[in-house]
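Visitor: the amino acid sequence is not available; the structure is as follows:
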């Protein structure tokens with residue numbers, strides 16, 4: 001909508017309005033001289049408004065977007081807005097990236113009588129983008145869909161504080177990668193990022209792993225052990241599968257969150273720690289609280305800040321992006337001349353609902369690239385379960401059918417039954433065991449797992 005240049009009687013009110021805007025603002029006449037400048041732009045450029053009035057804009061802004069005011073004159077002539085990114089050089093010779101929005105100001109007769117220029121300081125955004133480009137933990141998180149972009153936008157916000165974060169989402173959505181991205185974008189990035197799977201160890205061993213123990217605390221404790229909380233000093237500890245944490249350890253974790261100190265197992269002296277806690281789960285914690293399996297007070301202490309990762313089926317357009325990415329990655333590492341997918345295999349892969357999300361997609365493509373003997377991945381190279389009549393039943397129920405936090409649990413459990421992702425994982429384990437002649441340590445390395453993880457999955461699929 002067209003604006004009009006304020007009359008002299010309105011000038012004081014206009015200045016007050018301009019100063020309330022949290023961006024730089026300029027009002028220019030048709031000769032591109034400064035009529036008014038707000039206080040935000042004074043701070044940004046280092047020039048006072050009294051010194052700037054009557055001065056040509058390019059002297060104050062010294063920007064790389066304009067050549068002798070040519071673009072600003074084009075706005076006056078065309079009466080069309082201009083929106084462009086560039087930078088300015090301040091009075092103190094500092095370069096600041098800004099986003100310009102230039103709009104014509106119209107008089108009562110509909111003729112352009114000046115310009116309104118907004119400058120948004122985007123240095124913080126560029127700084128985050130630079131960190132993202134230089135940060136493998138963030139770069140590896142791929143996605144262009146609006147829903148995943150929303151989570152990208154949350155990373156610098158969550159990284160700016162030390163408050164606890166709870167990351168929720170179905171299995172395979174990348175909760176560990178987002179936790180590491182938050183850490184590496186934060187002020188704690190130079191310190192350790194320690195990941196702990198709360199469901200991977202028995203309660204007695206998990207307590208010792210987390211909090212350490214004193215010599216003689218139990219049989220075999222021949223020396224003091226610091227524990228992962230102390231190893232994460234000044235950094236971040238990431239507690240994945242927090243819903244599996246035993247109730248007795250939930251009490252101890254609550255104490256750490258409240259007091260920043262704890263007793264090692266068998267210890268008599270408290271240990272103080274300065275750490276940030278990020279927790280993650282695919283389980284419905286609110287439901288676990290109602291069942292008495294998770295402490296309500298701990299839930300609220302962990303759920304200070306929240307990040308929910310969308311399932312892959314809700315990330316429109318990202319499946320094809322990820323298919324191409326993993327195809328190039330695995331074909332390159334295996335030195336295979338695979339150039340893409342057949343039309344039929346693309347139809348199958350893009351219509352599948354991926355209850356195991358990105359992790360499942362990744363492993364499907366790794367399997368296909370290993371099997372493929374042609375220049376394009378054909379349907380014959382895809383896991384057999386993708387052609388099962390039951391594959392459509394592996395999708396989680398629609399959101400309106402059940403509470404939001406139970407959706408993730410339903411989708412997760414579907415991946416371990418007959419067919420589906422469980423069958424692919426079982427095939428991968430068998431292949432690895434065959435290649436290594438039954439050597440579990442070597443098989444675990446091939447699969448990228450720890451020995452405990454492989455042992456647990458061998459039992460789950462009755463392969464031990």
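Guide: Structure's in. What do you need? These numbers come from a predicted model, not from an experiment.
Visitor: helix or strand: which one has the closest residue to residue 295 other than its chain neighbours?
Guide: Once flanking residues are discounted, residue 295 sits nearest to residue 250: 4.8 Å by C-beta to C-beta, 6 or more residues apart in numbering. C-betas here are computed from N, CA, C, even on glycine. In this structure, residue 250 is located in helix 247-259 according to DSSP states H and E.
Visitor: output the contacting helices and strands for the helix or strand that that helix is followed by.
Guide: Downstream of helix 247-259, the next assigned helix or strand under DSSP H and E is strand 261-262. Under the contact criterion of 3 or more C-beta pairs under 8 Å, 6 or more residues apart in numbering; DSSP states H and E, strand 261-262 touches helix 247-259, strand 271-272.
Visitor: hmm, try it at 10 Å
Guide: helix 228-231, helix 247-259, strand 271-272 (3 or more C-beta pairs under 10 Å, 6 or more residues apart in numbering; DSSP states H and E).
Visitor: in the longest one, what counts as buried?
Guide: Buried residues in helix 247-259, counting neighbours by 16 or more other C-beta atoms under 10 Å, are found at 250, 252, 253, 254, 256.
Visitor: what's the most distant pair in those residues?
Guide: Put simply, by C-beta to C-beta the two of these set farthest apart are 250 and 256, 10.8 Å from each other.
Visitor: break the protein into its domains for me.
Guide: Split into domains by automatic domain parsing, the chain comes to 8-121, 128-308, 312-433.
Visitor: relative to residue 455, which of those is closest?
Guide: The nearest among those, by C-beta to C-beta, is domain 128-308 at 10.1 Å.
Visitor: SS state for the nearest residue to residue 274 once chain neighbours are set aside?
Guide: Among residues not flanking residue 274 along the chain, residue 234 sits closest, at 5.5 Å (C-beta to C-beta, 6+ apart). In three-state terms, and counting by DSSP: H, G, I helix; E, B strand; the rest coil, residue 234 is coil.
Visitor: tally of neighbours for residue 234?
Guide: Neighbour count of residue 234, defined by other C-beta atoms under 10 Å: 13.
Visitor: quick check: it touching residue 260?
Guide: No. Under the criterion of C-beta atoms under 10 Å, residue 234 is not in contact with residue 260, lying 11.9 Å apart.
Visitor: tell me how far the ends of stretch 302-319 are from each other?
Guide: One end of stretch 302-319 to the other measures 31 Å (C-alpha to C-alpha, to the nearest Å).
Visitor: now do that stretch: distance to the chain's middle.
Guide: 9 Å (C-alpha atoms, centre = their mean, to the nearest Å).
Visitor: buried ones in the longest strand that the chain contains?
Guide: In the chain, taking DSSP state E as the definition, the longest strand is strand 95-106. Within strand 95-106, the residues scored as buried using 16+ other C-beta under 10 Å are 96, 97, 98, 99, 100, 102, 103, 104, 105, 106.
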